[in-house]
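Peer 1: can you look at this prediction? I've put the sequence above it.
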Amino acid sequence: MQLPAEKTYARKPRESLQSLLGRVLFYVLLFLLLFAILAPFIWMVISSISPPQELAATPPNWIPNEPTLERYRALILGPTQGQSIPIAAEKFVRALTSSLIISSTVTLICIIAGAGAAYALVRLPVPGKQNFMFGMLAAQMMPIIVIIIPLYLVMQTLDWMDTWHGMILLYSGFMLPTVIWIMYSYFQTLPEELEEAAMIDGCSRWQALLRVVMPISGPGLVAVAAFAFLYTWNEFFMALIFTASKTKTITVIVTEFSTQSGIDYGLMMTGGVIGSIPPLIIALLLQRYIVAGLTAGSVKG
Amino acid sequence: MGSIAVPKPPRRYMSRRKREDLILAAILLAPATLIIALVTLYPFLRSFWISLHKWNLSRPQEGRPFVGLDNYIQTIQDPLFLDSLQVTLMFVVAAVTLEILLAIGIALMLNRPFRGQWLMRMVALIPWAIPSVVNGIMWKWILNPSYGSLNGLLYSLGIIDQYIIWLGDPKLALAMVVVADIWKETPFIMLLFLAALQTIPHDLYEAARVDGSTAVQSFFHITLPLIRPTLFVAVALRTIWALKSFDLIYTLTAGGPSSGTTVVGYYTYLKSFVSLQLGRGASVAYIMTFAVLLLVIVYQRALYREVRY
């Protein structure tokens, strides 16, 4: 009679030991993963607040003894008397402003023009829909470098080099195909009956779009807005080619922090941290919409 | 008699509604179409035209004579171009393979309820969200031969006994570019896989285990077939993005040392904007587009097949 009891007694500790080991292993791996993802970024933050002599320590001073916000102050408020910073760093605030204005406007254009076009493609009788969508896919995948020379000529002809509106036009053109794809998949998931009911009640299609479809498209629009903003804020290549002294964006300016004595890494890291803050805030706040939006846009295709 | 309960709507009404729909469609589509056409379609066609001409900005006296396919012939005979193809191939294959394998592995590991999962998801978005230029300068600092933290860390741990010049050797520098790319791209692909894994009902694994299937068998017979569409999308998209890599190379290595990290995109940039041979640059760009378009077509065909099943 005692045998079964003994058996369970004998087996239980072994099983729990195994699962305990499994759990320990899992959390060790999880910690390593978190470290791998966070360490480079945290090192950038630490470097940005380490005083110059500590930056040049070997081996590195992992935790700064005398953390300083001097570099942040210099980038945002300008250098103090006698402090020398690279010329590019003096234009940092201007670059932040440029990035902010260009990114916000592109986001707005993408939401309005992109959602409108996607709605038309889903619900209205547009001839050649399939070809249009394939064209959008191709445009989305096309390497920018392919068209950079003619674009250069277009911008020169329009005399839109180094202007905000020029950059806004370019980024909108590159972002719209993606926006149309995502909103296209999104509108397809909305029941058509809602608009039909509204139209039977006497709404025109235009009113149905504005009053019925748009209010329930929130999640899709949020995802699209986040993508448009992040893409524009982070873009580098076109900004490198098409902006000069007046409209250099944040991504271009942080690569230019060098003086005659070499690259000012501390200042570069500071610029990198500040330049990462707006996209990080957006990504972390809108996390759920972004992942959902990307799966909708790419997987459902 | 009774079956014709719904009266046929008058013809005029139908066509009016249809006409209105068409006008609305035109209004809605016009802005986006115009912008996209101006920014992508027109330059795309013009680019081809340029690629058929000899056009060197540093030698304006030569004009821009039509040379047919001469630029293409010169490009495919340029040893630097062939090198850049090889570098691109190595970079794309190494980065995409490692990123996908790591992403699947991590997603499998995280696909269970545990405390702090929300935190993990947040953290995974950080590398994806920061600008790739920042990724480049960040790694350039980490890999700095004298003051970099990688040398410092490995030296303190006793793994290396002297500092390594990470970006000084072509092969090693390319490996470092791959590392920086993996850091930025893997976590997000992992989130995509995690989303796919979480749609698989747990009962399937339960049933398989009852039938005596091992974890490995379950992975190959249940998990893999069910995440195939995601796997496919991830491989295709990552390949296309990796082909376009520019920002990371520009900031981290500037194509060096001795062209060891000059990928095709960077080579095109050098031809067009450094040596100012616009015709030659356009021809490389077109060869690249052709490769990407081929991938896009394969991608789209296969995607339709995947989604149908």
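Peer 2: All right, it came through fine.
Peer 1: residue 226 - nearest residue in space that isn't next to it in sequence?
Peer 2: By default, I'm working from chain A. Leaving aside its chain neighbours, residue A:226 sits nearest to residue A:286 (4.7 Å; criterion: Cβ to Cβ, 6 or more residues apart in numbering or on different chains). For every residue, glycine as well, the C-beta is placed using N, CA and C.
Peer 1: actually it's chain B I care about, not the one you picked
Peer 2: residue B:200 (5.2 Å).
Peer 1: could you report the separation of the one you found from residue B:111?
Peer 2: As judged by Cβ to Cβ, to the nearest Å, residue B:200 and residue B:111 stand 9 Å apart.
Peer 1: burial check on residue B:198, number of neighbours?
Peer 2: By other Cβ atoms under 10 Å in any protein chain shown, 11 other residues sit near residue B:198.
Peer 1: residue A:49 and residue A:69 touch, don't they?
Peer 2: Yes: in this structure residue A:49 lies within contact range of residue A:69 using Cβ atoms under 8 Å: 6.5 Å.
Peer 1: on that earlier part again, I figured the residue nearest to residue A:226 hits residue A:224, correct?
Peer 2: No: contact between residue A:286 and residue A:224 fails when scored by Cβ under 8 Å: they sit 10.7 Å apart.
Peer 1: more neighbours, the two?
Peer 2: Legend: neighbour count by other Cβ under 10 Å for residue A:286 and residue A:224, higher for residue A:224 (28 against 21).
Peer 1: burial of the residue nearest to that one when sequence neighbours are not counted, as a residue count?
Peer 2: Nearest residue to residue A:224 in three dimensions, chain neighbours excluded: residue A:179, at 5.0 Å (Cβ to Cβ, 6+ apart). Counted with other Cβ under 10 Å, residues neighbouring residue A:179 total 31.
Peer 1: state the helix or strand in which residue A:179 lies.
Peer 2: helix A:164-189 (DSSP states H and E).
Peer 1: can you give me the helices in the stretch 151-300 of chain B?
Peer 2: If DSSP state H, counting those that start in this stretch is used as the criterion, the helices of the stretch 151-300 of chain B fall at B:170-197, B:202-210, B:215-218, B:224-243, B:247-252, B:264-269, B:278-308.
Peer 1: most neighbours per residue, which of the ones you listed?
Peer 2: helix B:264-269 (a mean of 26; mean count of other Cβ atoms under 10 Å in any protein chain shown).
Peer 1: that one packs against which elements?
Peer 2: Applying 3 or more Cβ pairs under 8 Å, 6 or more residues apart in numbering or on different chains; DSSP states H and E, one finds that helix B:264-269 contacts helix A:144-158, helix B:79-110, helix B:247-252, helix B:278-308.
Peer 1: neighbours of the nearest residue to residue B:27 once chain neighbours are set aside, how many?
Peer 2: Nearest residue to residue B:27, sequence neighbours excluded (Cβ to Cβ, 6+ apart): residue A:116, at 7.9 Å. Neighbourhood size, residue A:116 [other Cβ under 10 Å]: 21.
Peer 1: in this structure residue A:116 contacts residue B:28, no?
Peer 2: Yes: when contacts are counted by Cβ under 8 Å, residue A:116 is listed as touching residue B:28 (3.9 Å).
Peer 1: burial check on residue A:41, number of neighbours?
Peer 2: 21.
Peer 1: now it: how far from chain B?
Peer 2: 6 Å (Cβ to the nearest Cβ, to the nearest Å).
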